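Q: here's a sequence, model it:
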Amino acid sequence: MNIFVLLKRTFDTEERLTVANGSINEDGAEFIINPYDEYAVEEAIRVRDEHGGEITVVTVGTTEAEKELRTALAMGADKAVLINTEDDVENGDQYTTAKVLAEFLKDKEADLIIGGNVAIDGGSGQVGPRVAELLNIPYVTTITKLEIDGETVSIVRDVEGDSEVIETSLPLLVTAQQGLNDPRYPSLPGIMKAKKKPLDELELDDLDLEEEDVEAKTKTLEIYLPPKKEAGRVLQGELEDQVKELVSALRNEAKVI
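A: Numbers count the residues shown, from 1 in each chain. Predicted coordinates for the structure are as follows:
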């Protein structure tokens, strides 16, 4: 089985973000594999171990993402590919990433493509479905269970507190939700083996893409942190007076009514 995992490098979930000059300050920040993508890597390993085949982990970004790709290789993936857009894409978006990934995958004869449900930095959940649409293959998002029997795939997906059971067929793209599995930690032997596993680097030229082919469809106007929460206010006095004060505060201060 030919399995591909879509991976993204994101800020560590424990990282305290700061904004400088209208952008997120990355100086000294720690980065990790997007946590939802860890579920994708783990599920790919389980599928390969059960059905055979090969896992290729692929990311779009800069050379700094090699660390996260090596981590995925140490977990058990077989190969990794970095599509380096550092010199070609100044301000990409989800369309950019999906277009690059789809162009890479279009002739790879993938049986199964797995990505994370969302990236914890952007949280749009667009890349996986966009890739599937560009490849013209079925896709199922937010999955919590995956079973493959020949060409038939049975899936359980999370739907806002409930579950939906879907049957489909390969080739297929799915996105992993929390609860699908428990991602393994890279072992010391795995880390040593990862150093010898292939990690290829490509650029847009290698995919016959031009900058205008992947030009972003959206534009970020401003980046800012949410305002600090102020201390709450306890209303005093008779209930009728409290209600009047509350309504006045909601109308004149919070401006929500």
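Q: so where's the stretch 1-150 of the chain uncertain?
A: 22 (pLDDT under 70).
Q: any low-confidence regions in the stretch 151-257 of the chain?
A: For the stretch 151-257 of the chain, no range has pLDDT under 70.
Q: so where do the helices sit in it?
A: Using DSSP state H, counting those that start in this stretch, the helices of the stretch 151-257 of the chain run over 188-194, 239-248.
Q: likewise for the stretch 1-150 of the chain?
A: 35-51, 66-75, 94-105, 127-135.
Q: give me the buried positions along the first one.
A: The one in question is helix 35-51. The neighbour-count check on helix 35-51 (16 or more other Cβ atoms under 10 Å) flags 35-45, 47-48 as buried. C-beta coordinates here come from the backbone N, C-alpha and C atoms, glycine included.
Q: what does the last one give?
A: Residues of helix 127-135 classed as buried: 127-132, 134-135 (neighbour count, 16+ other Cβ under 10 Å).
Q: helices or strands up against it?
A: Contacts defined by 3 or more Cβ pairs under 8 Å, 6 or more residues apart in numbering; DSSP states H and E place helix 127-135 against strand 2-6, helix 94-105, strand 112-116, strand 139-149, strand 172-176.
Q: tell me which of these approaches Asp12 most closely.
A: strand 112-116 (15.5 Å; Cβ to Cβ).
Q: ok, Ala80 to Leu199 distance?
A: 4 Å (Cβ to Cβ, to the nearest Å).
Q: Throw the buried residues of helix 35-51 into TSV and include distance to Gly123, thanks.
A: Below are the buried residues of helix 35-51 laid out as TSV (distance: Cβ to Cβ, whole Å):
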residue	distance to Gly123
Pro35	12
Tyr36	10
Asp37	13
Glu38	16
Tyr39	16
Ala40	16
Val41	20
Glu42	21
Glu43	21
Ala44	22
Ile45	25
Val47	26
Arg48	29
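Q: just checking, Gly52 touches Asp78?
A: No - between Gly52 and Asp78 there is no contact under Cβ atoms under 8 Å: 11.5 Å.
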